[in-house]
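[1] need a 3D model of the following:
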Amino acid sequence: MKQLRLGVLAGLFAAAGVLSWGGARLWDSLGTLPSVPLAASIVLAAIAAILLATALSTRAQRERRPGAKGVDPLFAARAVVFGQASALVTALVAGMYGGVGVFLLGYLDIPPRRDQAIYAAAAVVAGIAVIAAALFLERVCRLPEDSDDDHDGTGAAAA
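    This next block holds a predicted model:
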């Protein structure tokens with residue numbers, strides 16, 4: 001399993017941000033811009049909490065005394081896949097809300113648009129939390145014999 005790369009996540013974030021900024025400009029010139037839901041940041045924060053709880057639980061199981069049963073490899077592999085998928089999708093979603101938020105910065109004097117900019121910023125912050133938790137989970141689930149130079153995809157990222 002290949003390791004997540006910050007460059008790929010940053011590229012997805014930036015591409016989605018630029019496209020959504022342009023889309024927001026176009027949509028606003030043609031009519032009313034759709035609102036940014038407050039639930040977006042709440043859902044992203046909940047995903048970040050789940051990923052962090054999974055990582056902390058897995059790390060606690062790995063650090064038990066030497067005769068104890070370790071982490072189930074299938075569970076660890078599933079956790080890593082969930083974390084990677086969450087990080088990739090969240091990079092796109094946070095980039096989208098970031099682009100809309102940047103567009104809304106020009107309209108902070110209008111109270112409804114200011115609220116929408118705040119919701120978009122909260123979604124971006126929660127998205128960054130999801131990505132950080134996913135990277136932490138991936139690090140926790142690495143095999144002890146994995147080295148930092150093993151990027152050929154032959155090593156499993158399960159505990």
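[2] tell me the pLDDT at residue 115?
    As predicted, residue 115 sits at a pLDDT of 93.
[3] from residue 75, how far out is it?
    For residue 115, the distance to residue 75 equals 41 Å [CB to CB, to the nearest Å]. In short, each C-beta sits where N, CA and C put it, glycine included.
[4] pull stretch 99-117 out as PDB, backbone CA atoms only.
    This file holds the C-alpha atoms of stretch 99-117, laid out as PDB (Å, rounded to 0.1, in the frame of the first residue of the first chain):
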ATOM      1  CA  GLY A  99     -12.200  28.400  -2.900                       C
ATOM      2  CA  VAL A 100     -15.700  29.500  -2.100                       C
ATOM      3  CA  GLY A 101     -14.400  31.100   1.100                       C
ATOM      4  CA  VAL A 102     -11.700  33.100  -0.800                       C
ATOM      5  CA  PHE A 103     -14.400  34.300  -3.200                       C
ATOM      6  CA  LEU A 104     -16.600  35.400  -0.300                       C
ATOM      7  CA  LEU A 105     -13.700  37.400   1.300                       C
ATOM      8  CA  GLY A 106     -14.700  40.300  -1.100                       C
ATOM      9  CA  TYR A 107     -18.200  40.400   0.500                       C
ATOM     10  CA  LEU A 108     -17.500  40.400   4.200                       C
ATOM     11  CA  ASP A 109     -19.500  43.600   4.600                       C
ATOM     12  CA  ILE A 110     -22.700  41.700   3.800                       C
ATOM     13  CA  PRO A 111     -23.700  39.700   6.900                       C
ATOM     14  CA  PRO A 112     -25.100  36.600   5.200                       C
ATOM     15  CA  ARG A 113     -22.000  36.300   3.000                       C
ATOM     16  CA  ARG A 114     -19.700  36.900   6.100                       C
ATOM     17  CA  ASP A 115     -21.500  34.000   7.800                       C
ATOM     18  CA  GLN A 116     -20.900  31.800   4.700                       C
ATOM     19  CA  ALA A 117     -17.200  32.800   4.700                       C
END
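[5] quick one: the helices in the chain, in order.
    Counting by DSSP state H, the chain has helices at residues 6-30, 38-62, 73-104, 111-140.
[6] the closest residue to residue 92 other than its chain neighbours and residue 57, how far apart?
    Distance criterion CB to CB, 6 or more residues apart in numbering; nearest residue to residue 92, sequence neighbours excluded, is residue 16 at 4.7 Å. Per CB to CB, residue 16 is found 31 Å from residue 57.
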